[in-house]
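**Student:** Predicted model and sequence follow; I will ask about them next.
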Amino acid sequence: MKNQISIIIAIYNRKDELFELLSSLAFQTDKDFEVIVVDDGSKIALLPTIELFEDQLNIKFFRKTNSGPGLSRNFGAGKVSTNTDKENWLVFVDSDVIVEKDYISSIKNNLNKNNCDAFGGADKASKGFNLMQKAISYAMTSLLTTGGIRGNKKSMSKFQPRSFNMGVKKSAFDQVGGFSEMRIGEDPDLSMSLWEAGFSTAFFDDIGVYHKRRTDFGKFSKQVYEFGVARPILNQRHPNYVKISFAFPSIFLLGYIMGIVEYFWFKQSMLLIMYGLYTFLIFFHALFKTKNLSIASMAIIASFIQLFAYGYGFLKSWFVLNVLRKKPEDAFPGHFHKF
């Protein structure tokens with residue numbers, strides 16, 4: 001059975017990024033796909049950008065009230081063109097990515113060779129990204145920081161497709177109810193819901209996207225903090241997929257605090273020496289990967305920010321949910337859409 005591809009983009013503002021993404025889709029070598037753009041209540045007009053591509057893409061545009069990315073993707077999934085003679089695939093990409101010209105053809109080639117119900121691809125840094133974006137990309141994809149779950153098929157755990165670059169059979173998507181009401185962490189939530197329903201996921205290493213990162217460490221810190229908060233919520237929803245590795249950033253943070261206490265209280269520095277060795281490891285690994293001293297230096301800062309911020313968010317969320325026994329929706333209302 002042939003495959004039909006529907007690209008779904010949920011967007012809030014970000015007009016310039018939408019233009020770049022649609023430009024990359026317009027240059028695809030395989031033109032047999034449709035694009036669904038869902039405006040999640042943007043405060044700026046996006047229709048003029050859409051109109052620039054109406055002659056180049058099979059594109060549909062819908063505007064709705066703000067509900068967060070997950071529910072907007074569900075809305076878009078309900079607007080795709082279905083074909084009973086083909087396997088209908090929903091492919092979700094974030095608005096801040098750029099795809100390579102063989103993206104669609106590579107997806108189809110992989111689907112012809114792999115029997116799966118959902119798939120994902122790598123998270124790359126484009127040569128055109130600035131130094132900070134490349135440093136943050138390293139922190140988000142390195143085996144030394146995240147286990148490579150966002151950018152490496154040799155990750156430490158079972159692969160969870162993420163919504164910046166994720167495909168799902170429409171039949172499987174509909175069966176599990178699509179994305180949940182979570183605003184943050186909605187993509188691993190969907191992946192684990194698919195597993196629980198008996199569906200399989202796969203990693204396609206040749207369908208990477210160039211994912212733009214935050215342009216300053218403050219915004220990056222806030223973003224990964226929210227990711228950390230989301231993980232204990234996900235652990236409650238999907239207890240069969242809890243892993244000790246989820247707590248590694250929190251252990252890293254606590255270890256660093258203990259190292260400072262050890263140094264000033266006991267006049268010992270064993271723990272801080274270990275963190276120093278880890279710093280050198282990050283630097284030389286990033287240097288090997290990027291071939292740039294500035295990026296390698298900034299990658300140290302980005303990696304520590306990621307581990308500290310995520311670790312703190314995880315600790316806070318775990319304490320509130322498991323010690324104070326608060327409901328996730330009450331403790332972190334910003335993580336959920338209110339119907």
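**Tutor:** Arrived safely. Residues are numbered from 1 along each chain as shown.

**Student:** contacts and neighbour counts: CA atoms only from here.
**Tutor:** Will do.

**Student:** next one: stretch 206-213 to chain centre, how far?
**Tutor:** 10 Å (Cα atoms, centre = their mean, to the nearest Å).

**Student:** Go ahead and confirm Q160 touches P188.
**Tutor:** Yes - here Q160 lies in contact with P188, judged by Cα atoms under 8 Å, at a distance of 6.1 Å.

**Student:** neighbour count winner among those two?
**Tutor:** Q160 (23 against 19; other Cα atoms under 10 Å).

**Student:** Next up, phi/psi of that one, please.
**Tutor:** Per-residue torsions, Q160: phi -110, psi 110 (degrees, to the nearest 10).

**Student:** Pull up the pairing partners for the lowest-mean-pLDDT helix or strand in the chain, direction included.
**Tutor:** For the chain, counting by mean pLDDT, DSSP states H and E, strand 123-124 ranks last in confidence among helices and strands (a mean of 78). Strand 123-124 has the following strand partners under DSSP bridges: strand 209-211 (parallel).

**Student:** who's the residue nearest to V99 when sequence neighbours are not counted bridged to?
**Tutor:** Leaving out its chain neighbours, the residue that sits closest to V99 by Cα to Cα, 6 or more residues apart in numbering is V209, at 4.9 Å. Note on V209: beta-bridge partners by DSSP bridges are V99, D123.

**Student:** V209 is in contact with N165, isn't it?
**Tutor:** Yes - using Cα under 8 Å, V209 is in contact with N165, at 6.9 Å.

**Student:** Touching both of those two, which residues are there?
**Tutor:** Residues touching both V209 and N165 (Cα atoms under 8 Å, 6 or more residues apart in numbering): G121, A122, D123.

**Student:** so who does the first one touch?
**Tutor:** Under the criterion of Cα under 8 Å, 6+ apart, the neighbours of G121 are G151, P161, N165, M166, F203, F204, D205, D206, I207, G208, V209.

**Student:** Just the strands from this protein, written as ranges.
**Tutor:** For the chain, the strands defined by DSSP state E cover 3-11, 34-40, 59-64, 87-93, 97-99, 118-120, 123-124, 165-169, 201-203, 209-211.

**Student:** contacts for the last one?
**Tutor:** Applying Cα under 8 Å, 6+ apart, the contact partners of strand 209-211 are 96-100, 121-126, 164-165.

**Student:** Relative to T279, which of the residues you listed is nearest.
**Tutor:** Nearest to T279, judged by Cα to Cα, of these is A125 at 21.7 Å.

**Student:** returning to that earlier point: of all the strands of the chain, which one comes closest to F336?
**Tutor:** strand 34-40 (15.2 Å).

**Student:** for that closest one, packing partners?
**Tutor:** strand 3-11, strand 59-64, helix 69-77 (3 or more Cα pairs under 8 Å, 6 or more residues apart in numbering; DSSP states H and E).

**Student:** Compute the inter-axis angle for the second one and strand 3-11.
**Tutor:** Per axes from the mean of the first three to the mean of the last three Cα atoms, to 10 degrees, the angle that strand 59-64 makes with strand 3-11 is 40 degrees.
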